[in-house]
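Participant: Predicted model follows, preceded by the sequence.
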Amino acid sequence: MLEFITVNPKTTEETVQQLNPSTCCLDTIPSNFFKTVVKSIVTDLCQIINCSFQSGTVPKSLKVAAVKPLLKKTTLDASILAKYRPISNLPFIVKIIEKVVFNQPSQFLTLNKIFDTFQSGFCSHHSTETALFKVINDIRLNTDSGKISVLVLMDRSAAFDTVDHTILLHRLQTWVGLNGKVMQLFKSYLVERSYFVSIGNFESDRLPMSCGVPQGSALGPLLFSLYMLPLGLILQNCKVDYQSYAADRQLYLSLNPDDYGLIEVLCECLEKVNCWMSENFLQLNHD
């Protein structure tokens, strides 16, 4: 994929109306009002998007995120900082641009079957239910055939926050096949990003974001799933079944009750996974 297809006002307006209203301290216009008046500004908005496509750049002013800590689950202890995840709150105009950018590479990735076959996160017509259904169905089939199943649940610690930009850009070029203005735009999207923490009325100083992809964005999850592509190949070479949803991954293996040799195969596979993750600046959550 070398270049983006320019968008027209109709497509841009449809994208705006598809987005849910949101509140961000960086917004100069409330998103609800923005959606109401979009017809009068859609031509200018369309021009901004197409200029980004043609130049392969994202304006620096649009690469700032207000990070808000959000409890991973409402039932968790709010006094423990490790129980929070940093959610990037982005200006509404950035969400519009990201959504338009997201749609075109997604079509390219789907048509060329680049997505990990067993990744249910960030994919249309997939969800946590499809991931769970596949794992349960496979285990039940194995049980019906007289085999037992060994299941390993894997979770990554701060997965989005430690993505290495150099590795990611290399992967986008060599594994995915992005080049030209498309590659330039993704590089521009990643460099010179900054963020500040926003809690109530408090805002921290702005800091550079030298690694990671923003949680709470349209492009962050897509880029993370592409960053993880080689891991799927490792698991397939190990002949271990797996299913993924976002940063969570389930590895499982069926074997006869007396076939302990396959347990060693699974252990060797886990060691390869751990090594790959270390090389790619990712860390398993051992909690």
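Facilitator: Now that the structure is in, tell me what you want to look at.
Participant: Just confirm residue 87 is within a strand.
Facilitator: Yes: counting by DSSP: H, G, I helix; E, B strand; the rest coil, residue 87 is found in a strand.
Participant: what sits against the residue lying closest to it once chain neighbours are set aside?
Facilitator: Distance criterion C-beta to C-beta, 6 or more residues apart in numbering; nearest residue to residue 87, sequence neighbours excluded, is residue 216 at 4.4 Å. Just so you know, the C-beta spots here come from the backbone N, C-alpha and C atoms, and that holds for glycine as well. Going by C-beta atoms under 8 Å, 6 or more residues apart in numbering, residue 216 touches 65, 87, 88, 89, 90.
Participant: Can you read off the pLDDT for the last one?
Facilitator: If I follow you right, that is residue 90. Here the pLDDT value assigned to residue 90 is 92.
Participant: close enough to count as contact, it and residue 219?
Facilitator: No: taking contacts as C-beta atoms under 8 Å, residue 90 lies outside contact range of residue 219: 10.1 Å.
Participant: neighbour-wise, which of those two wins?
Facilitator: Counted by other C-beta atoms under 10 Å, residue 90 and residue 219 do not tie: residue 90 has more neighbours, with 24 against 19.
Participant: Give me the below-cutoff pLDDT ranges for the stretch 51-200 of the chain.
Facilitator: When residues are selected by pLDDT under 70, those of the stretch 51-200 of the chain lie in 122.
Participant: all strands for it, in order.
Facilitator: Assigned by DSSP state E, counting those that start in this stretch, the strands in the stretch 51-200 of the chain fall at 64-71, 84-89, 148-154, 193-199.
Participant: Quick check on residue 213: phi, psi?
Facilitator: phi -120, psi 140 (degrees, to the nearest 10).
Participant: The chain should start at 725 in everything you say after this.
Facilitator: In the new count, where the first residue is 725, that last one comes out as residue 937.
Participant: What is the neighbour count of it?
Facilitator: Neighbour number of residue 937 under other C-beta under 10 Å is 25.
Participant: which non-adjacent residue is nearest it?
Facilitator: Residue 937 sits nearest to residue 944 (C-beta to C-beta, 6+ apart), 4.1 Å away.
Participant: repeat for residue 891
Facilitator: residue 1004 (6.1 Å).
Participant: For residue 935, list the residues it contacts.
Facilitator: 885, 886, 887, 888, 889, 1005 are the contacts of residue 935 under C-beta under 8 Å, 6+ apart.
Participant: quick one: which of these is nearest residue 739?
Facilitator: Nearest to residue 739, judged by C-beta to C-beta, of the contacts of residue 935 is residue 887 at 25.6 Å.
Participant: Report the contact partners of that closest one.
Facilitator: 935, 936, 937, 947, 948, 951, 1005, 1006.
Participant: tell me the two of the contacts of residue 935 that are most distant?
Facilitator: Maximum distance among the contacts of residue 935 (C-beta to C-beta): 12.2 Å, for 885 and 889.
Participant: Which of those two has more residues huddled nearby?
Facilitator: For residue 885 versus residue 889, neighbours defined as other C-beta under 10 Å are more numerous around residue 889 (20 against 17).
Participant: Check the gap between the more buried one and residue 869 for me.
Facilitator: 46 Å (C-beta to C-beta, to the nearest Å).
Participant: All the helices of the stretch 875-1011 of the chain, residue numbers only.
Facilitator: With helices called from DSSP state H, counting those that start in this stretch, the stretch 875-1011 of the chain shows them at 889-895, 904-914, 943-951, 953-961, 985-1003.
Participant: hey, which of those is tucked in deepest?
Facilitator: helix 943-951 (a mean of 21; mean count of other C-beta atoms under 10 Å).
Participant: next one: that one to chain centre, how far?
Facilitator: The chain centre lies 3 Å from the centre of helix 943-951; the measure is C-alpha atoms, centre = their mean, to the nearest Å.
Participant: That one vs strand 808-813, what angle?
Facilitator: Relative orientation of helix 943-951 and strand 808-813, computed by axes from the mean of the first three to the mean of the last three C-alpha atoms, to 10 degrees: 120 degrees.
Participant: Which strands or helices does helix 943-951 pack on?
Facilitator: Packing partners of helix 943-951 (3 or more C-beta pairs under 8 Å, 6 or more residues apart in numbering; DSSP states H and E): helix 816-835, helix 889-895.
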